[in-house]
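Participant: have a look at this fold, sequence not included:
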C-alpha cells in the first residue's frame, strides 16, 4: 500500500510541482518519525508494530466461534471501528485520490475487496469507487470529483 501511495504522490507532484507533499511517506518512515522513542525493535514493519509502546493494550476485538471440526476458535469482530471508521476515512480516501490521479492500486483494491466483503459494504465495483457505500466515505468521489484537475483546483492546490 505504501508503494501505491508514493506512486500517487509522485504522479501528483509531476503534474503540480509546486505542491508540498513531503509528509506523504512510507508507513515505516511515518513510524520512525512518530514513534521512534516508543519502538523497541526497528528491524521490520511487523516488529515496529508489535514493539510499539503506543499500541500497548490495543487489540482486535474477536468473537468465539465453533470450527468445522467442532472445536472453538476466534474470528475478528468486523462490526468494529477498525473497519467501520478506518476504512471509509482512510484507505478508501487514498484509493479515491489515486483513482483521480490515474494510479493503479492492485494492493489497495485487494484489501478493500476483502474488507468490504467482511463488513457488508460496497465501495469498489470493478476496481473503481462506484459502490453504493462510497457516499458514506470521505473519498473525493463522494463529493462528485471525477478528475484530479478539478479536485486540485476546487481545494486550492492548483
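Facilitator: Looks like it came in fine. In this text, all values refer to a predicted model and were calculated from it rather than measured experimentally.

Participant: ranges for the strands of the chain?
Facilitator: 62-66, 72-76, 124-125, 128-129 (DSSP state E).

Participant: want to try CSV for the ones you listed, with mean neighbour count as columns?
Facilitator: (Each C-beta comes from the backbone N, C-alpha and C, glycine too.) As requested, those are exported to CSV (neighbours: other C-beta atoms under 10 Å):
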stretch, mean neighbour count
strand 62-66, 10
strand 72-76, 11
strand 124-125, 18
strand 128-129, 18
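
Participant: so what's the residue with the shortest distance to the centre of the chain closest to, chain neighbours aside?
Facilitator: Nearest to the mean C-alpha position of the chain, counting by C-alpha atoms, centre = their mean, stands residue 91 at 2.3 Å. The shortest distance from residue 91 to any non-neighbouring residue, by C-beta to C-beta, 6 or more residues apart in numbering, is to residue 108 (6.0 Å).

Participant: hang on, residue 92 packs against residue 135?
Facilitator: No. Judged on C-beta atoms under 8 Å, residue 92 makes no contact with residue 135 at a distance of 11.3 Å.

Participant: can you pull the buried residues of the least confident helix or strand in the chain by mean pLDDT?
Facilitator: For the chain, the helix or strand with the lowest mean confidence is helix 81-84, at a mean of 85 (criterion: mean pLDDT, DSSP states H and E). Neighbour counts over helix 81-84 (16 or more other C-beta atoms under 10 Å) mark 82-83 as buried.

Participant: could you point out which element follows it?
Facilitator: Next helix or strand after helix 81-84 toward the C-terminus (DSSP states H and E): helix 86.

Participant: from the chain's centroid, how far away is that next one?
Facilitator: Here the centre of helix 86 is set off from its chain's centre by 8 Å, with C-alpha atoms, centre = their mean, to the nearest Å.
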